[in-house]
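Student: can't give you the sequence, but here's the structure:
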Ligand code: HAM
């Protein structure tokens, strides 16, 4: 038997109803904050992620699905392509490529699959879905302002509330600007020098190339050493400190609770200043429901104009997982309003006409088959949880009035065709 590849999964009904519920709610919230949808390709040139996310990150160095294009055209051949492991780099690429600032667009969202070759476990997959939002634009448009950071965090609190997730923790940090980070990296190098020999091979390499990435280490034996390392906070310059203070003050003003976590450096190199994660207790080891931060230098790193930005990505798989704690897929699933049962030869056509009429009234209609006996029709209607069954037999067609039975109460009435939709719409 052929199974889905490791780390991928089929999303099946009724769970897909929960996914659709989440996406519809999220789209409503984005509309209220004036975000516009953007859809970028699922694969991009490998260089985009190497330059955007950073060569030394786990994502780029270990987890990407990369291949060399075997296209016939000379221009395609040998091009290195990668299934997107995240979408910030792709959106910023599109922002630059289409000069989106010229159209006055600066708030984008996107929903879709991402790919990382990670060890699969609960809440961690190789194909997973992100709900991504990015605010990016020229500094003259205010995109560097701490107001944007706080607005993004307030949006997230609203969004989680809207989908029904209440028990979250917002962890907040500032990773400063590149100059702060250079000083911090130097301090880390010094602190690591005497102990790095006892750490894992990855950390030994990171200590030389990009010491900040030591904080991404998951090896349990390394954690006691990592917990003694200096934190970025003391290296923040005046501007970064003021920015961070202002973000926290606005959060206090709008009553969004947060916990400062000076070790939250996030696993992508493009971050500057504010970084954050929302965690949810019910998720176990993979407890980050979403993550994000500010990436003021990313556009320039990708060859674009100066364009400060901030954004986040929600792990939709994890969001749905934490939702199943409070809501069941059944509760958001719309069951058929009516099951139409054609009874006897020649009734299929009349039943199809009725189905078409009723669906025009925004009713959920499931259509049976004239080869079914009455008992089989009732079983089918029951199994799909229909509210009503509508009998279409010769007598009904002749009278142009149909037997409509409410399945839960057993109450049955005969309803003229013209009144059917209204009758079914009544709860
Ligand atoms: P990230 O922290 O790498 O950030 O991913 C964001 C979220 O995606 C995580 O918090 C998690 O919920 C989910 N996620 C990541 N990997 C997996 C996986 N293997 N299986 C299931 N869920 C996963 C980013 O991707 C940044 N682009 C976020 C961002 C946007 N920063 C600024 N703008």
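Tutor: Okay, I see it. Just so you know, these numbers come straight off a predicted model, no measurement behind them.
Student: what does the stretch 1-150 of the chain put close to the ligand?
Tutor: On the criterion CB under 6 Å from any ligand atom, the ligand has as its neighbours in the stretch 1-150 of the chain the residues 86, 88, 116, 118, 123, 124, 125, 128, 130, 132, 134. C-beta here means a position set from N, CA and C on the backbone, and glycine is covered the same way.
Student: now, which of these lie within strands?
Tutor: In strands, defined here by DSSP state E, the members of these are 128, 130, 132, 134.
Student: And the residues you listed, which two are furthest apart?
Tutor: Spatial extent of these (CB to CB) is set by the pair 128 and 134 at 18.5 Å.
Student: Return the closest of the ones in strands among the residues of the stretch 1-150 of the chain next to the ligand with respect to the ligand.
Tutor: residue 128 (3.4 Å; CB to the nearest ligand atom).
Student: which stretches of this structure have low pLDDT?
Tutor: Flagging of the chain using pLDDT under 70 yields the residue ranges 427.
Student: contacting residues for residue 309?
Tutor: The contact partners of residue 309, by CB atoms under 8 Å, 6 or more residues apart in numbering, come to 92, 134, 135, 136, 137, 143, 294, 295, 296, 298, 299.
Student: From these, which land in helices?
Tutor: Assignment to helices by DSSP state H places the following of the contacts of residue 309 there: 92, 298, 299.
Student: Highest neighbour count among those?
Tutor: For the ones in helices among the contacts of residue 309, neighbours were counted using other CB atoms under 10 Å, and residue 298 has the most, 30 neighbours in all.
Student: Going by proximity to the ligand, name the top residue of the stretch 301-427 of the chain.
Tutor: Residue nearest to the ligand within the stretch 301-427 of the chain: residue 315 (2.1 Å; CB to the nearest ligand atom).
Student: what does the stretch 151-300 of the chain put close to the ligand?
Tutor: 267, 268, 288, 289, 290, 291, 292, 293, 295.
Student: again, only using 5 Å
Tutor: 288, 290, 291, 292 (CB under 5 Å from any ligand atom).
Student: domain assignment for the chain?
Tutor: According to automatic domain parsing, the chain is divided into the following domains: 15-177+237-323, 334-426.
Student: Check these for me and report the most buried one.
Tutor: Highest mean neighbour count among the domains of the chain (mean count of other CB atoms under 10 Å): domain 15-177+237-323, with a mean of 18.
Student: coming back round to it: go through the ones in helices among the contacts of residue 309 and say which is closest to residue 153.
Tutor: The shortest approach to residue 153 among those belongs to residue 298, at 19.4 Å (CB to CB).
Student: how about the closest residue to the closest one other than its chain neighbours, what does it touch?
Tutor: Closest residue in space to residue 298, ignoring its immediate chain neighbours: residue 270 at 4.6 Å, by CB to CB, 6 or more residues apart in numbering. Contacts here follow CB under 8 Å, 6+ apart; on that basis residue 270 touches 52, 53, 54, 88, 89, 295, 297, 298, 301.
Student: tell me which element residue 270 falls in.
Tutor: Applying DSSP states H and E as the criterion places residue 270 outside every helix and strand.
Student: ranges for the strands of the stretch 51-200 of the chain?
Tutor: Listed in chain order, the strands found in the stretch 51-200 of the chain under DSSP state E, counting those that start in this stretch are 66-68, 80-83, 107-115, 127-136, 168-174.
Student: Now do the longest one: which elements does it pack against?
Tutor: Right, strand 127-136. In terms of contacts (3 or more CB pairs under 8 Å, 6 or more residues apart in numbering; DSSP states H and E), strand 127-136 is packed against helix 15-32, helix 88-97, strand 107-115, helix 146-163, strand 309-315, helix 316-323.
Student: What are the contacting residues of the third one?
Tutor: Surrounding strand 107-115, the residues in contact under the criterion CB under 8 Å, 6+ apart are 23, 26, 30, 33-40, 42, 64-65, 83-87, 91, 95, 126-136, 316.
Student: re earlier: with distance to residue 191 as extra columns, can I get the domains of the chain in a markdown table?
Tutor: Formatted as a markdown table, the entries for the domains of the chain read as follows, by distance: least, CB to CB, whole Å:
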| stretch | distance to residue 191 |
| --- | --- |
| domain 15-177+237-323 | 14 |
| domain 334-426 | 58 |
